[in-house]
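S.K.: kindly return the folded structure for what I paste below:
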Amino acid sequence: MADPITVFDRDILKLRRDRAATRAQDYNFLFAETAERLADRLDDTTRTFPMAVDLGCHSGELGQIIGTRGGIETLYQSDISTGYARNARVNNGKPALVADEEFLPFAEGSLDLILSNLSLHWVNDLPGMLLQARRALKPDGLLLACMLGGDTLRDLREALMAAEAEEEGGVSPRVSPFVDVKDAGALLQRSGFALPVVDADDITIDYPDALKLMRDLSGMGESNLIAKRSKKFTKRSTLARAAAIYHERHAREDGRIHAKFQVIYLTAWAPDDSQPKPLRRGSGQVSLVDFLGDDAKKQ
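M.R.: Numbering: from 1, shown residues only. Got it, this is the predicted structure:
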């Protein structure tokens with residue numbers, strides 16, 4: 001049996017999410033924004049979804065926005081954090097359970113819709129998790145999710161690396177690696193989904209300085225979770241130097257900086273015979289020349 005993939009320390013993820021849950025109202029702005037964008041995409045569908053689940057629900061931002069939108073009849077919420085699951089249930093009144101996205105507790109073919117708002121980027125075995133999701137969906141069930149992409153916080157990553165090299169004489173992994181758009185599409189196909197669509201947009205947030213950005217990441221429970229990260233406390237001088245480098249390279253005229261979060265959106269369906277399929281190669285019955293008309297025949 002192959003060794004399990006361990007890129008992220010999910011024990012630490014649970015601890016950080018439990019801590020973040022105690023002050024979620026101060027730091028959930030990014031989750032709330034992407035929840036709105038996911039809800040807008042769900043509104044584009046005309047389907048009804050008798051049974052839906054929100055994986056990695058945080059404090060229930062998505063469940064609170066969706067309500068009964070998008071044809072959802074019953075929505076369950078789940079999170080690896082007990083604190084977040086409790087918050088979600090209190091905030092929107094919908095049932096919530098403690099569950100790990102890497103080990104989905106749902107029976108095969110039991111769900112009509114799987115949602116996930118900014119949680120899948122912390123999954124170690126994303127192909128395996130997507131395969132579990134596809135199996136949990138009924139035929140023609142929908143996966144609609146968003147996750148942070150590989151271009152997220154690039155400026156912060158570069159500033160931290162430069163500062164650590166200067167202050168500590170070496171560099172350790174400090175900003176988590178995320179997938180890019182191309183990889184995400186390939187993962188959906190590899191997991192057996194049909195009609196996959198992947199796209200991305202950027203959310204840019206202004207900050208007075210990089211130290212405030214790093215405090216917000218900690219408050220959201222979204223700071224470094226790389227399993228092979230340095231276990232030593234980062235020196236204050238390193239963080240201060242990183243903030244200075246960020247400012248030197250990227251500050252605007254007013255002295256403020258911006259932080260870019262790349263958000264990748266995944267839309268895919270569990271296979272079903274009713275879905276449109278590409279024509280078999282060579283099965284066309286109309287000549288392209290005939291379709292284009294006389295102009296094509298003259299060439």
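S.K.: identify the bridge partners of the closest residue in space to Thr82 that isn't next to it in sequence.
M.R.: The shortest distance from Thr82 to any residue other than its chain neighbours is 5.3 Å, reached at Val98 (C-beta to C-beta, 6 or more residues apart in numbering). Just so you know, the C-beta spots here come from the backbone N, C-alpha and C atoms, and that holds for glycine as well. Applying DSSP bridges to Val98 gives these bridge partners: Asp79.
S.K.: wait, doesn't Phe193 sit right on Gln275?
M.R.: No: shown here, Phe193 and Gln275 do not form a contact pair, counting by C-beta atoms under 8 Å, at 10.8 Å.
S.K.: who has more neighbours, these two?
M.R.: Taking neighbours as other C-beta atoms under 10 Å, Phe193 and Gln275 compare with Phe193 leading, 23 against 12.
S.K.: and that one, what is it in contact with?
M.R.: Going by C-beta atoms under 8 Å, 6 or more residues apart in numbering, Phe193 touches 130, 134, 143, 268-271.
S.K.: who's Asp199 bridged to?
M.R.: Counting by DSSP bridges, Asp199 is bridged to Tyr265.
S.K.: I figured it hits Gln262, correct?
M.R.: No: with contact defined as C-beta under 8 Å, Asp199 does not reach Gln262; the gap is 11.1 Å.
S.K.: neighbour-wise, which of the two wins?
M.R.: Of the pair Asp199 and Gln262, Gln262 is the one with more neighbours under other C-beta under 10 Å, namely 19 against 13.
S.K.: so who does the more buried one touch?
M.R.: Taking C-beta under 8 Å, 6+ apart, one finds 148-152, 178, 200-202 in contact with Gln262.
S.K.: give me that answer again for 6 Å
M.R.: 149, 151-152, 200, 202 (C-beta atoms under 6 Å, 6 or more residues apart in numbering).
S.K.: buried sites along the host helix or strand of it?
M.R.: According to DSSP states H and E, Gln262 maps onto strand 257-269. Across strand 257-269, burial judged by 16 or more other C-beta atoms under 10 Å covers 257, 259, 261-269.
S.K.: the residue nearest to Thr82: how many residues sit nearby?
M.R.: 15.
S.K.: roughly how far is stretch 57-66 from the heart of the chain?
M.R.: Here the centre of stretch 57-66 is set off from its chain's centre by 14 Å, with C-alpha atoms, centre = their mean, to the nearest Å.
S.K.: one more: stretch 244-257?
M.R.: The answer for stretch 244-257 is 28 Å, by C-alpha atoms, centre = their mean.
S.K.: got the end-to-end distance for it?
M.R.: 11 Å (C-alpha to C-alpha, to the nearest Å).
S.K.: and the contacts of it?
M.R.: Against stretch 244-257 from outside (C-beta under 6 Å, 6+ apart): 155, 159, 162-163, 206-208, 210.
S.K.: go through the residues you listed and flag which are in helices.
M.R.: 155, 159, 162-163, 210 (DSSP state H).
S.K.: show me the strands in the stretch 1-150 of the chain, by range?
M.R.: With strands called from DSSP state E, counting those that start in this stretch, the stretch 1-150 of the chain shows them at 49-55, 72-79, 96-98, 111-117, 137-148.
S.K.: pick the most deeply packed of these.
M.R.: Neighbour counts (mean count of other C-beta atoms under 10 Å) averaged over each of the strands of the stretch 1-150 of the chain peak at strand 111-117, with a mean of 25.
S.K.: any regions of the protein where pLDDT drops low?
M.R.: 1-4, 68-70, 171-176, 228-231, 278-299 (pLDDT under 70).
S.K.: center of it, which residue is that?
M.R.: Most central in the chain under C-alpha atoms, centre = their mean is Met147, positioned 1.2 Å from the mean C-alpha point.
S.K.: report the contact partners of that residue.
M.R.: Here Met147 is in contact with 120-121, 264 (criterion: C-beta under 6 Å, 6+ apart).
S.K.: would a markdown table of those residues with distance to Thr45 be doable?
M.R.: Converted to a markdown table, these look like this (distance: C-beta to C-beta, whole Å):
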| residue | distance to Thr45 |
| --- | --- |
| Leu120 | 20 |
| His121 | 24 |
| Ile264 | 19 |
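S.K.: quick one on the thing from earlier: can you redo the buried residues of strand 257-269 as JSON lines with distance to His58?
M.R.: Shown next, in JSON lines, are these (distance: C-beta to C-beta, whole Å):
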{"residue": "Ile257", "distance to His58": "25"}
{"residue": "Ala259", "distance to His58": "19"}
{"residue": "Phe261", "distance to His58": "15"}
{"residue": "Gln262", "distance to His58": "19"}
{"residue": "Val263", "distance to His58": "15"}
{"residue": "Ile264", "distance to His58": "17"}
{"residue": "Tyr265", "distance to His58": "17"}
{"residue": "Leu266", "distance to His58": "18"}
{"residue": "Thr267", "distance to His58": "20"}
{"residue": "Ala268", "distance to His58": "22"}
{"residue": "Trp269", "distance to His58": "25"}
